[in-house]
Every structure is written in structure tokens, then in C-alpha cells.
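In: Quick check, what structure comes out for this input:
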Amino acid sequence: MALYSVCVKREVAGAAAIVFVASFCLLVIELVAGRILAPYVGVSLYTWTSIIGVVLAGISIGAWAGGALADRYDARSLLPLLLLLGSAGSFAIVPLTNLVGSDSFPAPQSSLMLRVLTLAALIFFVPSCILGMISPVAVKMALRDLAQTGHVVGRIYAVSTVGSILGTFATGFFLIARFGTRAILVGVAVVLVVCAAATLIGARRKVVVVALLSVLVGCAVASNHFGLMQTPLAAESKYYKETSYYTIRVEERTRIDGMGKLETLVLDQLVHSLNDPENPCFLAYSYLRTFEELIRWKAESGRPLNLLFLGGGGYTLPRCIEQTLTNANIDVVEIDPGVTAAAYDYLALRRGTRIRTFNADARWFLMRTNRRYDLIFGDAFNDISIPYHLTTREFIELQKDHLLSGGVLAVNVIDNVPRGDFLPSYLRTVESVFGPGKATVLAEREGYARGSQSTLVVVAGNFGFHFPESAVSVPQADIDDAFRRGRWTILTDDYAPVDNLVAPLFAERIRYQRR
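Out: Take a look at the predicted model:
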């Protein structure tokens, strides 16, 4: 009887250990999924909704299928097979991503939501389903006495949850920033194969163990030889780094006029800056030229200016202002230290710069500083990637509180006037803080076209200045049409559906590219 009890405890402990590892690996894959998809569809509410939904669907169907298989086949034979299949699924994620993420793959393009959901399902459903099968099979293997069912099942699922928790914390706080997603996925595959081997050692199937380890080594060698675990984006870039916030790439491109090279900073799937290392004041984007002219206008007072840039990116305009206005005080708030490091190493930001960088969230920074500024520039919005907490009335009030008398807030926005939904919502929100008529929308003088996506600048405050030469005020009739449609809303911390408001931009861009 004592020997039987020891055997049962050993079976339960072994099953719990396997479930712990499987749950740990499953949550690692789920967290890594956001970084895997980011270079193709960005990181948004749609991205995480799709990932979480697909993984939960995989776990649910896997648990049902695993329970059915456990009743039909020997659990001790099933477990190593499932672990090996889970390892293969982990190995397959990167090459599968390279395949389905390419422009040639027929994934839905007309809807951002459908495209993200399709990519998430194709890449992550099968590994989630396989790893979801392991828990019921492990429970079946551990059960020897029906009188102990509740105790055994409760213990195994508790250990499974602990594995999920540790997998979440380890990945989010440490693994991605330290190793990168590709190395993590290889590590997951190795761990699962080792677990499969351990279950077979316990069953004294040493020949199969050797075969499994041979398969592991073969997969690793083949993946390295054929580049299966490398993304084409990394191969095409001068610099490629995954951080806790972005997938950072630096690419070298030729200027349109052929007059030199541009160092291009890409965060996730979006180009954030085009820098000429030899000419700090080469401003490729119209909104940066508008920002610069606002600074020039303010500098006419002759006193030193206090400038704040929310969003560092490639430090393009701060570098220019540092060179041309030697008495300006320039603060940059950039949430990702990796972006700042890339600016130093690849985008010509000098080590002895006068620019003060604060690696923090923009809202967090303003909540904890007493500094006040002549101009605050919002450059954290880019295309369909918009931090919603930087759009709300509460944050705009916070920015206004940090403006000096006569100070100006200028924010870069991309939208379709008058058909877009984000611009009227953001503009009304700004006006709710600064007052009616205290906000103006500027567009590129030569590039603005009604009914198409445009790069815009929302300027707010008691500015009373002549419009910059590079910009034109968006016609009031276009703004009125946007409000007349009635799909705008005041953005608050309680209600800011930013992802939904900007999603139509994706479909519009795809239609334009297909022309």
C-alpha cells in the first residue's frame, strides 16, 4: 500500500511538472505573438484581441480533443507525442510568419481587423491547440483512484496556472528584451523536446529518446542553414532589435533627389523618421517643417525657448533645432530606451548633445515634472498606431498645464478629411480643453487633398500667428463636413475608442495601393 501511494504521488508530480512546462511555454508563445505580428500589422487593440481570442480558442479545442484522445489511447504514449508536436509547432512559427506575413500571401487586406485575426489564427492556433491537449492527457495519466479525482485535478490545474503566470512575467519583463522572439521560440521548442525525452526516459524507451534528440539537433541545424528562424526584415536592415516596446529597424535608403543617403527608422511596421546624417535640418515630412516654423516664430521674441517633444523617434527636428537655435532648451520624452540608443548609434545623435532625453511614458513624465514650455510637440501618433491615453481630454489638460503663458500645443495627426473619424474626435477634444476656436488644423500646402489621407497638424493655444509657409489651414467646410457626419466623440480616459476610429485608414490605404 505504501509503495502504491509513493507511485501515485510520483505520477501526480510528474504530470504536474509536464503541465507546468506546457502552460509556461504556451503563455510565452502568446506574449511573443504580439512582437511576431508587430512588423506586419502593428500593435493595437485588434492585435491583442485577435491573439488572445485565437490562443483561447486553441486551448479550448485542444482540451476537448486531448480529453477524447486520453480516453482512447494510452496517456503515457500520447504525452511525448504531444510535446514533440508542440515543439515542432514552436519551430514553425517564424517560417510560417515569414510566409503569411508577406504581401503576396492572400490574407484579407480590406479590413485591419480581419487581416490581424487571419494572421493570428494561421500562425498561433495550431501550437495553442497542441499545448492545450496536454493538461487532460496528463490528468488521465496521473489518475489511479477515482476517489482522489478532485485532489489530483485541482493540484494539476493549480500548477498549470502557476506555469502560465510565470511564463507571462518572464516573457514580458525579461525574455523578449534579453533574447528576442526568435531565440525564445527556439528555446520553447528545445524545452518541449527535452520534456518529451524525459517522459520517454521514465518509460525506458531510450531508443526513442535518442531519436527525439536527433530530430531536435536536425531541426536546429536545418533552421540555421536555411534561415528559417530569421525574418527577412532583419536581413534587409542595418540594425534590428526587439525591445519591450517595439521591433526597431534602421534601413539605409536613397533620397528621392539622389543627393545622398537617408537613415530610416522603422518601429514595428511604421516608418517614423528619415534622417540625413550630414544635414540635420533635412526635414522630409511636412509636419516637421510646420513644427520648425512654429519654433522660428516663437524664437522671434529673442528669449531662450523651452521646447518639449513627446516622442523621440529619430530625433530629426530636435537635432536641427540644437544646431540652429543654440539658446533653446530641448527636452525629448521617448518611452523606449532602445529607440534612443538607435538614434545615438545610427541616426547621428551626438553623444555630447544638449538635448535632454527622458525615457518614460509621456503622460507619466508630465505628471511628475514642474517644467513648463513654450511649445509642446506631440509626435507619438503614427498612422494606425496611436497610444490612446495620449489622446484624451485629461492628457490634453495635463499638457495645457505645462505650457507657459502664450504657449502652443502642436500635434501630428494622420487622417482623411472629411471622411475620417479620428481627426474630428481629437479636434473636439482639444477644443473642449483650450476653448472653441482655439484649435486650428494645418495641412501640407502642396499635398492636401480633400477625401484622401493627409498628414495634419493640430495647433492649439493663444497663438495668433501667421500660418507657416509650408502649411495651409484645412478649409472650414471640410472640418464642418467631418463633424456633420456625427461619428466623432469626445475622447476621455473612460472612453477612447482610438483603434476603431483609425481602422478605416488601413482599408483605404490598401485600396489605394491596389490602383
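In: Tell me, how many residues neighbour residue 321?
Out: Residues near residue 321, counting by other Cβ atoms under 10 Å, number 24. From N, CA and C alone the C-beta is placed, and that goes for glycine too.
In: Please, which helix or strand holds it?
Out: Following DSSP states H and E, one finds residue 321 within helix 316-324.
In: Centre of the chain to that helix, how far?
Out: Put simply, helix 316-324 sits 28 Å off its chain's centre (Cα atoms, centre = their mean, to the nearest Å).
In: For that helix, output the C-alpha coordinates as CSV.
Out: Extracted as CSV, the C-alpha positions of helix 316-324 are listed here (Å, rounded to 0.1, in the frame of the first residue of the first chain):
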residue,chain,number,x,y,z
THR,A,316,15.2,64.6,-36.5
LEU,A,317,13.8,68.0,-35.5
PRO,A,318,15.5,68.2,-32.1
ARG,A,319,18.9,67.7,-33.9
CYS,A,320,18.1,70.5,-36.3
ILE,A,321,17.0,72.9,-33.5
GLU,A,322,20.0,72.1,-31.4
GLN,A,323,22.2,73.2,-34.3
THR,A,324,20.3,76.3,-35.4
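In: which is the next helix or strand following that helix?
Out: Assigned by DSSP H and E, the successor of helix 316-324 is strand 329-333.
In: For the helix holding residue 321, name the packing helices and strands.
Out: Packed against helix 316-324 by the contact rule (3 or more Cβ pairs under 8 Å, 6 or more residues apart in numbering; DSSP states H and E) you find strand 270-275, helix 286-299, strand 306-310, strand 329-333.
In: Which residues does the third one contact?
Out: What that stands for is strand 306-310. With Cβ atoms under 8 Å, 6 or more residues apart in numbering as the contact definition, strand 306-310 has outside contacts at 295, 317-318, 321, 328-333, 362, 371-380, 390, 402, 404.
In: All the helices of the stretch 301-450 of the chain, in order from the start?
Out: For the stretch 301-450 of the chain, the helices defined by DSSP state H, counting those that start in this stretch occupy 316-324, 337-346, 362-367, 393-401, 422-434.
In: related to what we said a few turns ago, what about the helix holding residue 321, average pLDDT?
Out: For helix 316-324, mean pLDDT is 94.
In: Now do the host helix or strand of residue 456 and helix 422-434, the angle between them.
Out: Assigned by DSSP H and E, residue 456 falls within strand 453-461. Here the directions of strand 453-461 and helix 422-434 differ by 0 degrees (axes from the mean of the first three to the mean of the last three Cα atoms, to 10 degrees).
In: what angle do the helix holding residue 321 and strand 329-333 make?
Out: Interaxial angle, helix 316-324 versus strand 329-333 (the same axes, to 10 degrees): 160 degrees.
In: Quote the end-to-end distance of stretch 340-357.
Out: End-to-end span of stretch 340-357 (Cα to Cα, to the nearest Å): 8 Å.
In: Can you mark which positions in that stretch are buried?
Out: Within stretch 340-357, the residues that count as buried by 16 or more other Cβ atoms under 10 Å are 340, 341, 342, 343, 346, 347, 348, 349, 353, 355, 357.
In: got a pLDDT number for the second one?
Out: Just to be clear, that refers to residue 341. Looking at residue 341, the pLDDT reads 95.
In: which helix of the protein spans the most residues?
Out: In the chain, taking DSSP state H as the definition, the longest helix is helix 2-41.
In: Give me the buried positions along the helix or strand that that one is followed by.
Out: Downstream of helix 2-41, the first helix or strand assigned by DSSP H and E is helix 45-72. For helix 45-72, a neighbour-count test (16+ other Cβ under 10 Å) marks 46-48, 50-51, 54-55, 57-59, 62-63, 65-67, 69-70 as buried.
In: With stretch 378-397 instead?
Out: Neighbour counts over stretch 378-397 (16+ other Cβ under 10 Å) mark 378-393, 395-396 as buried.
In: Same check on stretch 76-89?
Out: Buried, per 16+ other Cβ under 10 Å, within stretch 76-89: 76, 78-89.
In: What average pLDDT does it get?
Out: On average, stretch 76-89 scores 87.
In: From the chain's centroid, how far away is it?
Out: 31 Å.
In: Now list the buried members of the contacts of strand 306-310.
Out: Using 16+ other Cβ under 10 Å, the buried members of the contacts of strand 306-310 are 295, 317-318, 321, 328-333, 362, 373-380, 390, 402.
In: what residues does the host helix or strand of residue 139 touch?
Out: If you go by DSSP H and E, residue 139 is part of helix 134-142. If you take Cβ under 8 Å, 6+ apart as the criterion, helix 134-142 is touched by 8, 11-12, 14-16, 18-19, 22-23, 62-63, 66-67, 69-71, 75-76, 78-79, 82-83, 86, 152-153, 156-157, 160.
In: quick one: it to helix 45-72, angle?
Out: Taking the same axes, to 10 degrees, helix 134-142 and helix 45-72 form an angle of 20 degrees between their directions.
In: CA atoms only: put helix 134-142 into CSV for me.
Out: Output of helix 134-142 as CSV, limited to C-alpha atoms (Å, rounded to 0.1, in the frame of the first residue of the first chain):
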residue,chain,number,x,y,z
ILE,A,134,-1.5,18.2,-22.7
SER,A,135,-3.4,19.0,-19.5
PRO,A,136,-6.3,16.5,-19.9
VAL,A,137,-3.8,13.8,-21.0
ALA,A,138,-1.6,14.5,-18.0
VAL,A,139,-4.6,14.3,-15.7
LYS,A,140,-5.6,11.0,-17.2
MET,A,141,-2.1,9.7,-16.7
ALA,A,142,-2.0,10.8,-13.0
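In: For that helix, which residues meet the burial criterion?
Out: Quick answer for helix 134-142 (16+ other Cβ under 10 Å): 134, 135, 136, 137, 138, 139, 140, 141, 142.
In: mind putting the helices of the stretch 301-450 of the chain in JSON lines, distance to residue 471 included?
Out: JSON lines is the format used below for these (distance: least, Cβ to Cβ, whole Å):
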{"stretch": "helix 316-324", "distance to residue 471": "15"}
{"stretch": "helix 337-346", "distance to residue 471": "26"}
{"stretch": "helix 362-367", "distance to residue 471": "24"}
{"stretch": "helix 393-401", "distance to residue 471": "21"}
{"stretch": "helix 422-434", "distance to residue 471": "15"}
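In: which stretch among the ones you listed comes nearest residue 170?
Out: Using Cβ to Cβ as the measure, helix 337-346 is the one of the helices of the stretch 301-450 of the chain that comes nearest residue 170, at 19.4 Å.
In: what's the spacing between that closest one and its chain's center?
Out: 18 Å.
In: helices and strands around it, which ones?
Out: Helices and strands touching helix 337-346, by 3+ Cβ pairs under 8 Å, 6+ apart, are strand 239-242, strand 247-254, strand 261-267.
In: Taking helix 2-41 as reference, get the angle to the second one.
Out: Okay, so that is strand 247-254. 30 degrees.
In: Show me what counts as buried in stretch 495-503.
Out: The neighbour-count check on stretch 495-503 (16+ other Cβ under 10 Å) flags 496, 498, 499, 501, 502, 503 as buried.
In: got the contact list for it?
Out: Applying Cβ under 8 Å, 6+ apart, the contact partners of stretch 495-503 are 44-46, 111-113, 383-384, 386, 388-389, 391-392, 415, 420-422, 425, 489, 491.
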